[in-house]
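Participant: How does the following fold in three dimensions:
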Amino acid sequence: MRGSVFRRCACRDQGTGKQLGRSCPKLNQRRHGTWSVRQELPPRADGERRTFRRSGYPTSTEAQADLDRIRTLLAIPDADDEVGRQRMGDLLEHLNSSRELLPDPEETRRKFRSGQSLTARITVGEWLDTWIAGRKIRRSTINRYARDIRLHLKPSIGHIRLDRLRVADLTEMFNAIAERNIEIEEANALRHAAVAELKTTRGRAPRAAVRTALAEMPPFRRVTGPTTRMHIRATLRAALNAAITQEIITFNPAAHVELDPVRRPKALVWTEERLARFARTGEKPSPVMVWTPAQVGEFLDFVAEDELYALFHLVSLRGLRRGEACGLRWEDVDLKSGTVTIATQLVEENGGGVMESEPKSDAGHRVVALDAETSTVLRKHRARQKKAQLAAGDVWVDSGRVFTKATGEWLQPDWLSDHFDRLVRLSSLPPIRLHDLRHGAATVALAAGTDMKVVQEMLGHSTLMLTSDTYTSVLPEVAREAAEAAARLIPRQKGKRTAGLTSGSQTAGTASANTHSNPRTAKKPQAKAAS
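Facilitator: Have a look, this model is predicted:
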C-alpha cells in the first residue's frame, strides 16, 4: 500500500488565507516546518477507504521510523487474510484518532495470533475479574483470591493497564499497606486506651464523655500482616501467569517484587517458668503455645461433661484440623478397625456461612488410626447423639456429621473456636488456641518416639519438611532426657582422673615446699630399684 514521508508547514497564503502546506517556498530551509507520515490502510468492512496521517515529527528520521512500524504492523496478517487486514486497519485507525503511540509489533503479533482485541486496553482490575471467573479450583481458595482482589489489588492497581503494570507499582502498593498498618495500630492503641479509661472512670458525665469519644473513633481493625501480604502477591502472580499463558503480557512483575520474609512462629510448651512470666506480664511467650500432657489431661477432665468432649479428645490426641473435625462424617468412622478417614471439611465463607469442601491438600486425604480409649469415647458420643436425636424429634437435622449442634446441624468452625476459648478461660489453664491442640498432639506423638514420617501422615502435611520445621519444640522432660542420653555416649573416667590429679598436685606441692624450705638440707628423692 502507498505511503510517504513529507514535510509541510502552517504558513498561509496572504490573499486566500489557506495553508501553503508542502508548496511553501520556505520549506527548503532546514528548520522550517515539520515532518508528516501518510499511509493508506486496508478498507473498512463496507469497502470505504481510510488513511493513517500523523504530523509534528521534528526530523524525517523519526517520521520514517513510525512509517516503517506502521508497515510492519500491516504485514502481520497474511495477504489473503481479509478479516485480519481489517482488524489491523481498525487498530491503526483507532491510534490515528486517539493520537496514541504505535504499539510494539511483537506484542501486537502475539495478540493477533491469540485472537485478542487489538484496540481494547484491558486494565488489571478487568483482567482479575476475568481470571477469577474462570478458575476451577476449591471454593475456599476462590474466596481467598476474591478477598485479596477486592480489598487490596483492585483498589490499588486495578486502574492500571495490564500491559503497563510494573514492579514499581507493586512496591508502591505494598508500601501503602505498611503505612496503613501503622495507622491501624495507632488507632487501635487509642481505642484500647479509651476502653481502659472507661473501666476506671466514675461519674455519669465523665463516662458519657468517654463513650462519645469512643463512638467517634474507628473500630478495631486487623493489620495486613506478612503472611497476608505474601498471599496477596501469590494471588496476583497466579493471575499474571495466566495472562502470560494467553500471550496478553510477557512479564510478570509480581514475581520480582520483594517482601519481608515470613517467619513461622515456633511452638513453645507452657512450662512453669513461662507460666510465672505470663502471670507477671500477661504476655504469651509465643503466638503458638502448647499444653503439657498434664495440662491436656486437666482440660479433658474439665470438659468431660461437655457435649463436644469427644471432639476435643480426638483433636488433642490425633491432631485433626478444626474444619476436619467439624466435617467428619459417621460414614468415615470405622470403630471396629479403629480408624477415621479424613475426606471432607467445613470452612467459613466470606458471607458468614459454612460450606463443605475437600481437605486442605491432597495429603489431607488420609486415614488416621485411633487408640482404644478414643474409640471408646466415640462410641459413647454416638450413643449420646442418638439420645439427642430422639429428644429433638422432627426438629432434628440428619446431617450425618459426628459432631453437630443440639439439633443435628453443622458446627460452624468459628463458633467452635469461640466455644473452646470460653472453656479454656473457665478452666483457669494457660491460654492456647483450638489449633494449638493439634500442635500439642504432634508434639506429644514425637515425644513418645513416633517416627516423623508417621506424624506427617497423621497431620496430613504435604511434606516431611513442613512437619519438621513446625514441630521442633519438645516437652522439657524429653529434652532433658535427650541431653542426658547424649552425655552418656561420651566415655569418661572421672573418679580415676580426679584422684590422679589430686595426688599429683599434693606430691608436687609437698616436694616444692620441702625444696624451698631448706634447700641445703633437702634430700634428693632416690629412684626406686627396678623390679
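Participant: Is residue 181 in contact with residue 226, as I believe?
Facilitator: No: using CB atoms under 8 Å, residue 181 makes no contact with residue 226, being 10.3 Å away. C-betas here are computed from N, CA, C, even on glycine.
Participant: per-residue confidence averaged over the helix or strand harbouring residue 310?
Facilitator: Taking DSSP states H and E as the criterion, residue 310 maps to helix 309-318. For helix 309-318, mean pLDDT is 95.
Participant: Ok, stretch 194-209 next?
Facilitator: For stretch 194-209, the per-residue pLDDT averages 89.
Participant: Who has more neighbours out of residue 181 and residue 226?
Facilitator: Comparing residue 181 with residue 226 by other CB atoms under 10 Å, the one with more neighbours is residue 181, at 16 against 13.
Participant: Okay, strands next: where are they in this protein?
Facilitator: 3-12, 19-21, 34-41, 50-57, 268-269, 289-290, 333-334, 339-342, 345-348, 354-357, 366-369 (DSSP state E).
Participant: Please identify the pairing partners of the last one and their relative orientation?
Facilitator: Based on DSSP bridges, the pairing partners of strand 366-369 within the sheet are strand 339-342 (antiparallel).
Participant: before we move on, what about the longest one?
Facilitator: When sheet partners are counted by DSSP bridges, strand 3-12 sits next to strand 19-21 (antiparallel), strand 34-41 (antiparallel).
Participant: May I have it exported as PDB, CA atoms only?
Facilitator: Taking Å, rounded to 0.1, in the frame of the first residue of the first chain, the C-alpha atoms of strand 3-12 are listed here in PDB:
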ATOM      1  CA  GLY A   3       2.700   5.600   2.000                       C
ATOM      2  CA  SER A   4       5.100   8.500   2.300                       C
ATOM      3  CA  VAL A   5       7.000  10.900   4.500                       C
ATOM      4  CA  PHE A   6       6.900  14.600   3.700                       C
ATOM      5  CA  ARG A   7       7.500  18.000   5.200                       C
ATOM      6  CA  ARG A   8       4.900  20.700   5.500                       C
ATOM      7  CA  CYS A   9       4.300  23.900   7.400                       C
ATOM      8  CA  ALA A  10       1.400  26.100   8.700                       C
ATOM      9  CA  CYS A  11       2.200  29.200   6.600                       C
ATOM     10  CA  ARG A  12      -0.900  30.700   4.900                       C
END
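Participant: Excluding chain neighbours, give the residue nearest to residue 112 in space.
Facilitator: residue 76 (5.4 Å; CB to CB, 6 or more residues apart in numbering).
Participant: ok so, going back, I'd like the distance from the helix holding residue 310 to the chain centre, please.
Facilitator: Computed by CA atoms, centre = their mean, to the nearest Å, the chain-centroid distance of helix 309-318 equals 28 Å.
Participant: ranges for the helices of the stretch 201-350 of the chain?
Facilitator: 204-216, 226-245, 272-281, 293-302, 309-318, 322-327 (DSSP state H, counting those that start in this stretch).
Participant: which of these sits most buried?
Facilitator: Ranked by mean neighbour count under mean count of other CB atoms under 10 Å, the helices of the stretch 201-350 of the chain are led by helix 322-327, which reaches a mean of 26.
Participant: closest one to residue 438 among the strands of the chain?
Facilitator: Closest to residue 438 of those is strand 289-290 (CB to CB; 9.7 Å).
Participant: partners of that closest one, with directions?
Facilitator: strand 268-269 (parallel).
Participant: And the strand it pairs with, how far out from the chain middle?
Facilitator: Averaging C-alpha coordinates over strand 268-269 and over its chain gives two centres that are 24 Å apart (CA atoms, centre = their mean).
Participant: any chance of the strands of the chain in CSV, plus mean neighbour count and distance to residue 243?
Facilitator: Shown next, in CSV, are those (neighbours: other CB atoms under 10 Å; distance: least, CB to CB, whole Å):
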stretch, mean neighbour count, distance to residue 243
strand 3-12, 16, 34
strand 19-21, 16, 45
strand 34-41, 19, 29
strand 50-57, 15, 29
strand 268-269, 20, 44
strand 289-290, 24, 43
strand 333-334, 16, 46
strand 339-342, 20, 36
strand 345-348, 20, 28
strand 354-357, 16, 27
strand 366-369, 17, 36
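Participant: Make TSV from these and add mean pLDDT to it.
Facilitator: Formatted as TSV, these follow (pLDDT from 0 to 100):
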stretch	mean pLDDT
strand 3-12	84
strand 19-21	75
strand 34-41	91
strand 50-57	92
strand 268-269	88
strand 289-290	90
strand 333-334	95
strand 339-342	94
strand 345-348	87
strand 354-357	86
strand 366-369	92
